[in-house]
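>>> show me how the following folds:
(chains A and B)
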Amino acid sequence: MACVAAVLGALPQALAPPPVRAALFGVAALVVLGREIGLWRFRVPENARLVPEEVQHRAEWGALQFGFEMGTGMRTYSPSALPHLALAAVVLVVPLPVAPAVAAGFAAGRLAMPVMSNGWSDDGSWTEVWSAAERVVRPVLASACVGALIVGALTSWY
Amino acid sequence: MRGAARRALHPLTPALALLGVVGAGAALAVPGTAPSGPLLAVAAGCAAGFANSGST
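Modelled structure (predicted):
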């Protein structure tokens, strides 16, 4: 997804001047930050379905399909708008060679959640821990994501 | 599980760690001391991926 966005982003990055792209991204970042902090609410595009468990049992590629759909978040719910902001960043302000780093980070972040959940306990109680901490964790994650993208954009990803 | 391990697995731990990475990246990037663009890009993606996972 990031590769597609990076290739598509080559067009606006070639045509639109940097200040215009930076301004567009800045507005998007503020809107998303406000949403994650809880200042306002709005729905984001999401494929609001779960990957059926039987997918991973399909032939020899089932596990790969399950991992792709789950790992990329393409067939799941999106409780956060940060992936959409990261995508906007790849299209507007992240240069093509840096886009894979955003994608690798996204994959690592997606992986971290089930790893931590499994490490916490076998009874699924990590979900309760997440729910209790969510009100604090989401703004921190949003600050980290928005901060990283803005500093990167301001310093031309040097 | 012991307290330290529990704290390491608490959702706030990676979130604060990412914030620290971004701070370090910014500290390096602003004076141009070292190339921190890829570090910032990974941190931004990681925060987005972790936030997107919800409760798994």
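
>>> what about chain B, any weak spots by pLDDT?
B:1-2, B:32, B:54-56 (pLDDT under 70).

>>> please enumerate the helices of it.
Here chain B has its helices, by DSSP state H, at B:3-9, B:12-29, B:37-53.

>>> burial of the residue nearest to residue A:50 when sequence neighbours are not counted, as a residue count?
Excluding the flanking residues, the one nearest residue A:50 by CB to CB, 6 or more residues apart in numbering or on different chains is residue A:76, at 6.2 Å. C-beta coordinates here come from the backbone N, C-alpha and C atoms, glycine included. By other CB atoms under 10 Å in any protein chain shown, 20 other residues sit near residue A:76.

>>> for residue A:76, give me the pLDDT.
The predicted structure scores residue A:76 at 72 on the pLDDT scale.

>>> determine the three-state secondary structure at it.
When the structure is split into helix, strand and coil by DSSP: H, G, I helix; E, B strand; the rest coil, residue A:76 lands in coil.

>>> picking that back up, output the helices of chain B as JSON lines; include the columns mean neighbour count and distance to residue A:35.
JSON lines is the format used below for those (neighbours: other CB atoms under 10 Å in any protein chain shown; distance: least, CB to CB, whole Å):
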{"stretch": "helix B:3-9", "mean neighbour count": "12", "distance to residue A:35": "27"}
{"stretch": "helix B:12-29", "mean neighbour count": "19", "distance to residue A:35": "17"}
{"stretch": "helix B:37-53", "mean neighbour count": "28", "distance to residue A:35": "11"}
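
>>> among these, which is nearest chain A?
Ranking those by distance to chain A, with CB to the nearest CB as the measure, places helix B:37-53 first at 2.5 Å.

>>> tell me what angle that closest one forms with helix B:12-29.
Orientation note: helix B:37-53 sits at an angle of 160 degrees relative to helix B:12-29 (axes from the mean of the first three to the mean of the last three CA atoms, to 10 degrees).

>>> hmm, helix B:37-53 in reach of chain A?
Yes - for helix B:37-53 and chain A, the contact criterion (CB under 8 Å from any CB of the partner chain) is met by B:37-38, B:40-53.

>>> so residue B:34 sits right up against residue B:28, yeah?
Yes - Residue B:34 is in contact with residue B:28 according to CB atoms under 8 Å; the separation is 4.7 Å.

>>> now do the shared contacts for these two.
Listed as contacting both residue B:34 and residue B:28 by CB atoms under 8 Å, 6 or more residues apart in numbering or on different chains is no residue at all.

>>> tell me the mean pLDDT over stretch A:119-135?
87.

>>> span of that stretch from start to end?
Distance across stretch A:119-135, first residue to last, is 22 Å (CA to CA, to the nearest Å).

>>> do it and chain B meet at all?
Yes - for a cut-off given as CB under 8 Å from any CB, stretch A:119-135 has contacts with chain B, namely A:119, A:120, A:121, A:126, A:127, A:129, A:130, A:131, A:133, A:134.

>>> between those, which is nearest residue A:15?
When these are ranked by distance to residue A:15 (CB to CB), residue A:134 comes first, at 39.6 Å.

>>> tell me the phi and psi of that closest one?
Taking degrees, to the nearest 10, you get phi -60, psi -40 for the backbone angles of residue A:134.
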